[in-house]
Each structure stands twice: as structure tokens, then as C-alpha cells.
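*Asks:* Output the structure for:
(chains A and B)
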Amino acid sequence: MSTPAQHERLAAEFGGRQVLDERDIARALTRIAHEIVERNKGADDLVVLGIPTRGVPLAHRFAACIADAEGVSVPAGSLDVTMYRDDLRLRPARALEHTDIPAGGVDGRVVVLVDDVLFSGRTIRAALTAVEDVGRPRAVRLAVLVDRGHRELPIRADHVGKNLPTSMRESVKVMLQEVDGRDAVVIAEEQP
Amino acid sequence: MKDHLLSAADLSRDDAILVLDTSAEMAQLTEGRSVKKLPTLRGRAVVNLFFEDSTRTRTSFELAAKRLSADVVNFSAKGSSVSKGESLKDTALTLEAMGADCVVVRHWASGAPHRLAYSGWIRSSVVNAGDGTHEHPTQAILDAYTLRKHLGSVDGRRITIVGDVLHSRVARSNVLLLATLGAEVTLVAPPTLLPVGVEHWPCQTSYDLDSVLVKADAVMMLRVQRERMNAAFFPSAREYSRRYGLDARRFALLPDDAVVLHPGPMNRGMEITAEVADSDRSVIVEQVTNGVYVRMAVLYLLLAGGRE
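*Replies:* Got it, this is the predicted structure:
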């Protein structure tokens, strides 16, 4: 997850190179939704939890897509990981995002964590600890729209929309209709 | 937010809303969870420095800090070196030497937390947990949180605060915070129990409770502080109770959805009757629950990040 400041700066200049458009994103999400169900041998016991900000609308899109294909409703929610981050002391305290665990909880279910960009893996590390405090799922899987590499922890995604080789100087911005008014993935050169 | 929370006036409107929103998330993160603990303040030390008796505020801060995994040291004046005559400065230097990250202080002297924060004795964050007759900001935040939960928003709502405003740090902090949040606050008290200069506070005053109650969205009853009633502020407890107490008749004057608050501890039968205190529109017990969430939010916002 890149920081809000980076998001704002990118939105302001809006330079960069678009790597995925609306239709690419839609196709990737549909494919991942089907992969999730296939891997799980059905949609039973699935709980889809998005990591704010952009993981949350993605989680709801997956849930809707699975419901469409399988005819069962899949609980979707959000999981804020701010309180579990390892870099809290590096910046002033941040506002918390909303956490919303679906009524059935996660005990004994298969939790699919959803985020927009997988980068260092630290957000996912925090999310795994956060899930542990909510309950004990049967399994936890990870679905991301973009994997940009540069992992700092031994974490990998089960479902990836697009593998995007990047350099550390670049930043990847995912824009979603629900948050940014349109769907796109853009790579931009990081400003010094 | 600033490094310390000494006064409700330290909070801008944005800060106040940030603390209230964070409190709501804290409630979400702990209510109904199998593990009611967050790792956020692991390795931080919070000292509860209490020079005055308190049960709910101290335990509330203690629980809040522990839910965030901080280490908590409780220090009360009774049974400490303070009773041997140690000064505030020496106590502070001792705490600094032990490496406290945050000092939650309650003191009988108004301004003691300010002295602690800006004297250079300690580097840690200071949270005012009540100083003399001056301020009690976290109580005001938990009151605002409770009001917001029941009224939807505090902005534009009419809040009545009744009783011993003169000695009440709760009233002062509440007036400042509620005004910041856009509420219309009316203080009701006998003239002897209104402080000098109250006309400069961002609120109205009245001596007639009945006429104010009919328009109130919420009413907050203050404790009659018997320990501070050394001058003749009112003729008798009975007369005070008749004119400024919240009984069943006055309760019936309130609009149907108005709620009743009290910072506690209550003198049942004095400022509030048992019937009203135990009614379903009394949110007094809930205030205590919310106090933990609000203090978690304050400790999180003050301590979790690096200093700017």
C-alpha cells in the first residue's frame, strides 16, 4: 500500500504510464474470483476481507462476482491493519480506517485477504496478525490486483491479477471507481 | 494533535473529530473480539500519576493502556514518597529516569499537568486526568462520544450542564469541547456555583432548570462536591436538590429522545434521583464503557506515532 500523500501527488500530476485499463481490471478480477472458488472447491465458508483503502471495494467486487457465478452470497468486510503495522513509530500517528468483520466471524472459515498492490509484504504481515485477533480461520489466502515485487518478508499471494515488474524508484497507483472515480493502474516515476 | 492533552481547548475541531472517530474504531476493534488486545503500544510505559483519589478514571486509563499492550505503572500519592514530602519536580524526575513514555496525571492543583508538560523535567507525553477545578479533557471527550452515539451528531444540539460548575473541571472541559464541536451549551447552577468570568465562556447560563430542560437534547448532571463545599454555597442540601436536582417530574419535561449523563460518582437523591439514574434514557453506565475506548484513542494518537 502506498501512502495517501503519494496517492495525492500522483493524482495531482497524473503523469505516469497506464498499465491496466478498466477492461483489463475487470477481466483480472473475474478470473481471480473464479480461481478463489476453484481453489476452495465451491464458495462455502468463504469470507472476503479487504484491506483499506482500495482492498475494500475490491473485496466487495470479488464477493459480488462469486455470488453471480455460484448463486451463493459471500460475506465481505474490511480489516484495518494500522494498529498492527511495524512502521507506526516512523510517522506521526495515523487515523484508523474502518474495520468491519461480517456477522458470522472468521472461525473455521476460509478468509481471503484482498489488497490492491502487494509490495514489501509488511501490510500483509500486519493483516495476518490482525486476523489472528479476530478469530481462528481454517485457512487464510491472499488475492491482490497487482504484485509489484520487492518483497521484504517471506509472503506471496495465492491469486494475482497482474505481475508488474517495477523498480524501487517507481510507484504503482491503483485507481478504483468507488474511490477515485475510474478504474486504472498507473506506474509513475517517484519524485525525488 | 499536540504532544500532550492538557485541556479540551488543545483540540481543534478536526482533532476532536479524529479522536472521536478513532474511539469508535477502538470500540469496533475490541467489542465482541476473542482477543481484546492490540499490539500497538508494545514496549511503551504509561505511568498513572494520581495525587487525588479516583477509581473510574484511573482504572479506565489502566485498562485502555493495557488493551494497547503498554506497560502500566500505577503511582498514587498515598503510600508513595509524596507522603514523605517529595515535590512534583522530584517525582517527575524519578519517572523520567525510569523511562516513562506517557504520564497520566491527576492532581489537586489546577495547572499541575501543564507544569509537568512544559517545565522540561520530563520528555514524555502528559495527559491531564483532572487537575483541581480546572480541566478533565478525557471526560469531556467520552461525554462527547456518548452524545454523538445517541444523538447522531453533537453539532447544533442543545446540551444542558447542571450543578456545581464552579468546582467542576468536567463542566469546563465539556463547555470547551462541545462548543468546538458546534453544540449549544447551557449551564444551569445557583449563582454562587457559577465561576467568575463565566460570561466569557462559549455558552449560555441560566438559573431556571425547568425552562431549559424542555428544549434540551441531553442533560448532564454534575456531582455536588461535598469535599469542596466549605463555604455556604447553598442553604441546604434539600433546597439544592429541590431547585437543581433531576427528579422524575423534571425528567418528564425533557423531550422524548433526550439522554441523561453524569460523570460519576453520583450522589443519588442529591443531584439525581435513583429513578432517573436507572432509567433507560440514562447513559451513565455506558459513559464508563466509552471512557475506555476514548482513552485508548488518546493514548494511541499521542504515543503510537513518532514525534514530529
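*Asks:* Grab the nearest non-local neighbour of residue A:171.
*Replies:* Excluding its sequence neighbours, the residue lying closest to residue A:171 (Cβ to Cβ, 6 or more residues apart in numbering or on different chains) is residue A:190, at 5.1 Å. From N, CA and C alone the C-beta is placed, and that goes for glycine too.
*Asks:* number of nearby residues for the one you found?
*Replies:* The tally of other residues near residue A:190 (other Cβ atoms under 10 Å in any protein chain shown) stands at 13.
*Asks:* tell me the contacts of residue B:31?
*Replies:* Applying Cβ atoms under 8 Å, 6 or more residues apart in numbering or on different chains to residue B:31 gives no contacts.
*Asks:* coming back round to it: what separation is there between the residue nearest to residue A:171 and residue A:166?
*Replies:* 10 Å (Cβ to Cβ, to the nearest Å).
*Asks:* With residue B:136 instead?
*Replies:* Residue B:136 sits 52 Å away from residue A:166, going by Cβ to Cβ.
*Asks:* out of the two, which sits in the busier spot?
*Replies:* Here residue B:136 and residue A:166 are compared on neighbour count by other Cβ under 10 Å; more neighbours surround residue B:136, at 26 against 17.
*Asks:* residues touching the more buried one, list them.
*Replies:* Counting by Cβ under 8 Å, 6+ apart, residue B:136 has contacts B:57, B:128, B:129, B:130, B:169, B:170, B:173, B:263.
*Asks:* Quick check, pLDDT for the closest residue to chain B within chain A.
*Replies:* Using Cβ to the nearest Cβ, residue A:93 is the residue of chain A that sits closest to chain B, at 3.5 Å. At residue A:93 the predicted local distance difference test score is 86.
*Asks:* sec struct for it, please.
*Replies:* When states are read from DSSP: H, G, I helix; E, B strand; the rest coil, the local structure at residue A:93 comes out as coil.
*Asks:* those helices in the chain, which residues are they?
*Replies:* All of this refers to chain A. Listed in chain order, the helices of chain A (DSSP state H) span A:4-13, A:22-40, A:55-70, A:122-134, A:177-180.
*Asks:* not what I meant, chain B
*Replies:* Ranges of helices within chain B are B:13-30, B:56-67, B:88-98, B:112-118, B:137-151, B:169-180, B:209-213, B:237-244, B:248-253, B:274-277, B:284-303, based on DSSP H.
*Asks:* Excluding chain neighbours, what is closest to the residue nearest to the spatial centre of chain B?
*Replies:* When chain B is reduced to its mean C-alpha position, the nearest residue by Cα atoms, centre = their mean turns out to be residue B:139, at 1.7 Å. The shortest distance from residue B:139 to any residue other than its chain neighbours is 5.1 Å, reached at residue B:170 (Cβ to Cβ, 6+ apart).
*Asks:* Wait, the one you found touches residue B:263, no?
*Replies:* Yes. With contact defined as Cβ atoms under 8 Å, residue B:170 and residue B:263 form a contacting pair (4.7 Å).
*Asks:* Pull up the overlap in contacts between those two.
*Replies:* B:136, B:139, B:143, B:222.
*Asks:* picking up where we left off before, any chance of the contacts of residue B:136 in CSV, with pLDDT too?
*Replies:* What follows is these, written out as CSV (pLDDT from 0 to 100):
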residue, pLDDT
B:57, 95
B:128, 97
B:129, 97
B:130, 96
B:169, 95
B:170, 96
B:173, 97
B:263, 95
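*Asks:* Show me which pair in these is furthest apart.
*Replies:* B:128 and B:263 (14.8 Å; Cβ to Cβ).
*Asks:* Looking at the two, which one has more neighbours?
*Replies:* Set side by side, residue B:128 and residue B:263 show more neighbours around residue B:128, with 29 against 26, by other Cβ under 10 Å.
*Asks:* Let me know how buried the residue nearest to the more buried one when sequence neighbours are not counted is, in neighbour terms.
*Replies:* Closest residue in space to residue B:128, ignoring its immediate chain neighbours: residue B:113 at 4.0 Å, by Cβ to Cβ, 6+ apart. The criterion is other Cβ under 10 Å. On that basis, residue B:113 has 29 neighbouring residues.
*Asks:* Looks like residue B:113 contacts residue B:131 (just checking).
*Replies:* Yes. Applying Cβ under 8 Å, one finds residue B:113 in contact with residue B:131, separated by 5.3 Å.
*Asks:* Which residues are in contact with each of the two?
*Replies:* By the contact definition Cβ under 8 Å, 6+ apart, residue B:113 and residue B:131 are jointly contacted by B:105, B:107.
*Asks:* Kindly report the residues of chain A close to chain B.
*Replies:* Applying Cβ under 8 Å from any Cβ of the partner chain, we find that chain A lies next to chain B at A:80, A:83-84, A:88-100, A:129, A:132-135.
*Asks:* Of these, keep whichever come out buried.
*Replies:* Restricting the residues of chain A next to chain B to buried positions leaves A:80, A:83-84, A:88, A:93-94, A:96-97, A:99, A:129, A:133-135, with burial counted as 16 or more other Cβ atoms under 10 Å in any protein chain shown.
*Asks:* Need the max-distance pair from these.
*Replies:* Checked with Cβ to Cβ, these reach their widest spread between A:93 and A:135, with 26.9 Å between them.
*Asks:* returning to that earlier point: okay if I get the shared contacts of residue B:170 and residue B:263 as TSV plus pLDDT and distance to residue B:202?
*Replies:* Below are the shared contacts of residue B:170 and residue B:263 laid out as TSV (pLDDT from 0 to 100; distance: Cβ to Cβ, whole Å):
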residue	pLDDT	distance to residue B:202
B:136	97	17
B:139	97	18
B:143	98	16
B:222	95	18
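*Asks:* If we only consider those residues, which is nearest to residue B:17?
*Replies:* Of all the shared contacts of residue B:170 and residue B:263, residue B:17 sits closest to residue B:143, with 15.1 Å by Cβ to Cβ.
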